[in-house]
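A.B. asks: Need a 3D model of the sequence below.
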Amino acid sequence: MKIAFVVDKFPVLSQTFILNQITGLIENGYEVDIYATPSLELKMHSDIKKFNLMQYTYYFTTPSKNHVITLLRSLRLTLVNSWKYPILLNWLLNGINYTKELSLRTWLIPYIVTPFLDKKPYEIIYCHFGPNGLRGALLKKLGLTQGKIVTSFHGYDITKYIQKSAGNPYKNLFEVGDLFLPISEHWKNKLIDLGCDEKKIIVHRMGVDCHKFSFTPRYPSNDGQIRIVTIARLVEKKGVEYGIRAIAKLTKANQTIEYNVIGDGPLSSHLQEIIQELGAENTVKLLGWKEQNEVVEILNKSHILLAPSVTSKDGDQEGIPVVLMEAMAMGIPVVSTRHSGIPELVQDTVTGFLVPERDVDTLAARLSYLIEHPELWLEMGQAGRRYIENYYNINKLNKQLVNICQNLLCSNNIE
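C.D. replies: A predicted model of the protein is given here:
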């Protein structure tokens, strides 16, 4: 079976959940190609080289923010390729017939289709995030593929993306698409509310490799330091600001806390200013992005993982942060928020604590309780590991995905 993965940027260190699916399908004997926009990240996950994935990665031309330049590039792409594929001219001239119901601009057709023109047929076009599902639906409407269109929904694509769109941008995708794989029951319900046929929906969770994240019991360090860690892209919905404020509140009474934030993003400078304003420079460190082996090393030394996710002002929400799964697999108690699908992963008072979004006082109180009761660390860590092994184990999930794909190809019955 040959599968095309349509993703946003690739490769991206923060999206190991997509990489885990790709490598898992390859290990199960599937041929996989990847279609994406180029990533500017210099660091690369070791599996990219191990599986030689760059050889099977094809890039879309990136549209300009200037619509005139985008249109001119679109014409160029069409003219350069039309000698071999004359239908490109027809698609561009009559593009409104293909794009008007897909929330896509007509002049983007050459950007989307040209990487697929000389490829062999795919049985499945697997699109991560709703907007990429629209790309897959366009390929089908143009007759470029007879393959099944499968779309995974994660978070922003079913919150922020919808709010900034006029009407329901996925109405036609729900008709053209063959299968929808939200990562949580929370997003399944949202898809149903938007009008997606429930018979086309299967909740398929993201997961982690339990072999790479081995369980280690957590005990107080000999030096007395309490090491808390957050791993996140530094954007509003990750709620890192509230984690910093909660830690700063705690350090007034407890000077043994060390808080490391792994990640980068547009809020980096703003968060550094908050750290300075709170006088927490000696406690809170912004470490930037790290490669997975470096992340694992820091997690091995950590006692608590903090993931204070929030709904951003523009409506953007998380899916279920994979870092929570990684930490729980390693036996780390977690503190997070009642946000999106997180309560489906973190069992409050069992594998960690959940607090309301943006509630710094409660966040600080729960962290303080965990710090003062280290006897809970082992109990919560063991419960978390069991939960990950049972429900978020990528090897089990990839086998489920193989069955889902086979069932989809064999019949119209995907239940």
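
A.B. asks: Strands of this structure, start to end?
C.D. replies: 2-10, 31-38, 57-59, 124-128, 148-153, 179-182, 226-231, 257-262, 284-288, 304-307, 334-337, 352-355 (DSSP state E).

A.B. asks: any idea of the angle the first one forms with strand 31-38?
C.D. replies: Right, the one you point to is strand 2-10. 20 degrees (axes from the mean of the first three to the mean of the last three CA atoms, to 10 degrees).

A.B. asks: Could you pull out the buried residues of strand 2-10?
C.D. replies: Neighbour counts over strand 2-10 (16 or more other CB atoms under 10 Å) mark Ile3, Ala4, Phe5, Val6, Val7, Phe10 as buried. To be clear about C-beta, it is placed using only N, CA and C from the backbone, and glycine gets the same treatment.

A.B. asks: State the distance from the fourth one to Gly195.
C.D. replies: Relative to Gly195, Val6 is positioned 23 Å away (CB to CB, to the nearest Å).

A.B. asks: got it, and the second one?
C.D. replies: Note on Ala4: its distance to Gly195, by CB to CB, is 26 Å.

A.B. asks: One more: Phe353?
C.D. replies: The value you get for Phe353 to Gly195, if CB to CB is used, is 36 Å.

A.B. asks: can you count the residues close to Gln255?
C.D. replies: Here the number of neighbours of Gln255 (other CB atoms under 10 Å) works out to 11.

A.B. asks: Leu13 contacts Lys43, doesn't it?
C.D. replies: Yes - with contact defined as CB atoms under 8 Å, Leu13 counts as touching Lys43 (5.8 Å).

A.B. asks: Quick check: neighbours shared by these two?
C.D. replies: Contact with both Leu13 and Lys43 is made by residues Trp289, Glu291, according to CB atoms under 8 Å, 6 or more residues apart in numbering.

A.B. asks: Extract the residue ranges of the stretch 151-300 of the chain that are flagged as low pLDDT.
C.D. replies: Low-confidence segments of the stretch 151-300 of the chain, defined by pLDDT under 70: none present.

A.B. asks: show me where it has helices.
C.D. replies: Ranges of helices within the stretch 151-300 of the chain are 160-163, 171-176, 185-193, 240-251, 268-277, 292-300, based on DSSP state H, counting those that start in this stretch.

A.B. asks: and of the ones you listed, who's closest to Thr106?
C.D. replies: Nearest to Thr106, of all the helices of the stretch 151-300 of the chain, is helix 171-176, at 14.8 Å by CB to CB.

A.B. asks: Any buried residues in that closest one, and which?
C.D. replies: For helix 171-176, a neighbour-count test (16+ other CB under 10 Å) marks Asn172, Leu173, Phe174, Val176 as buried.

A.B. asks: List the residues that contact Leu181.
C.D. replies: Going by CB under 8 Å, 6+ apart, Leu181 touches Val150, Thr151, Ser152, Phe153, Ile201, Ile202, Val203, His204, Ile404.

A.B. asks: ok, now which ones touch Phe213?
C.D. replies: Phe213 touches Val296, Leu299, Glu326, Ala329, Met330, counting by CB under 8 Å, 6+ apart.

A.B. asks: Check the spacing between it and Asn300 real quick.
C.D. replies: Distance of Phe213 to Asn300, given as CB to CB: 10 Å.

A.B. asks: Equivalent analysis for Asn132, please.
C.D. replies: Asn132 is 35 Å from Asn300, where distance means CB to CB.

A.B. asks: One more: Arg76?
C.D. replies: Going from Arg76 to Asn300 by CB to CB gives 51 Å.

A.B. asks: mind listing what the nearest residue to Val176 once chain neighbours are set aside touches?
C.D. replies: Nearest residue to Val176, sequence neighbours excluded (CB to CB, 6 or more residues apart in numbering): Ala137, at 4.2 Å. Ala137 is in contact with Leu102, Ile149, Asn172, Leu173, Val176, Gly177, counting by CB under 8 Å, 6+ apart.

A.B. asks: Kindly recompute the last result at 6 Å.
C.D. replies: Neighbour list for Ala137: Leu102, Ile149, Leu173, Val176 [criterion: CB atoms under 6 Å, 6 or more residues apart in numbering].

A.B. asks: Lys237 now?
C.D. replies: Counting by CB under 6 Å, 6+ apart, Lys237 touches Ser312, Asp316, Glu318.

A.B. asks: Can you tell me which of these is nearest Trp83?
C.D. replies: For the contacts of Lys237, the nearest to Trp83 is Asp316 (43.0 Å; CB to CB).

A.B. asks: How many residues are close by the nearest residue to that closest one once chain neighbours are set aside?
C.D. replies: Distance criterion CB to CB, 6+ apart; nearest residue to Asp316, sequence neighbours excluded, is Lys160 at 3.8 Å. Neighbour count for Lys160, taken as other CB under 10 Å: 18.

A.B. asks: again with the one 5 residues further on
C.D. replies: Look at Ser165: counted by other CB under 10 Å, it has 12 neighbours.

A.B. asks: so how far is Thr159 from the nearest residue to Gly195 once chain neighbours are set aside?
C.D. replies: In space, and not counting its chain neighbours, Gly195 is closest to Phe174: 6.1 Å by CB to CB, 6+ apart. Distance from Phe174 to Thr159, counting by CB to CB: 17 Å.

A.B. asks: got it, and Thr251?
C.D. replies: For Thr251, the distance to Thr159 equals 33 Å [CB to CB].

A.B. asks: if you count what's nearby, which of the two comes out ahead?
C.D. replies: Between Thr251 and Thr159, Thr159 has the larger neighbour count (other CB under 10 Å), namely 23 against 20.

A.B. asks: and the nearest residue to that one once chain neighbours are set aside, how many residues sit next to it?
C.D. replies: Using CB to CB, 6+ apart and skipping residues adjacent in sequence, the residue nearest Thr159 is Gln317, 4.5 Å away. For Gln317, the tally of surrounding residues (other CB under 10 Å) stands at 22.

A.B. asks: quick one, phi psi at Gln317?
C.D. replies: phi -130, psi 160 (degrees, to the nearest 10).

A.B. asks: List the contacts of it.
C.D. replies: Gly155, Thr159, Thr311, Ser340 are the contacts of Gln317 under CB under 6 Å, 6+ apart.
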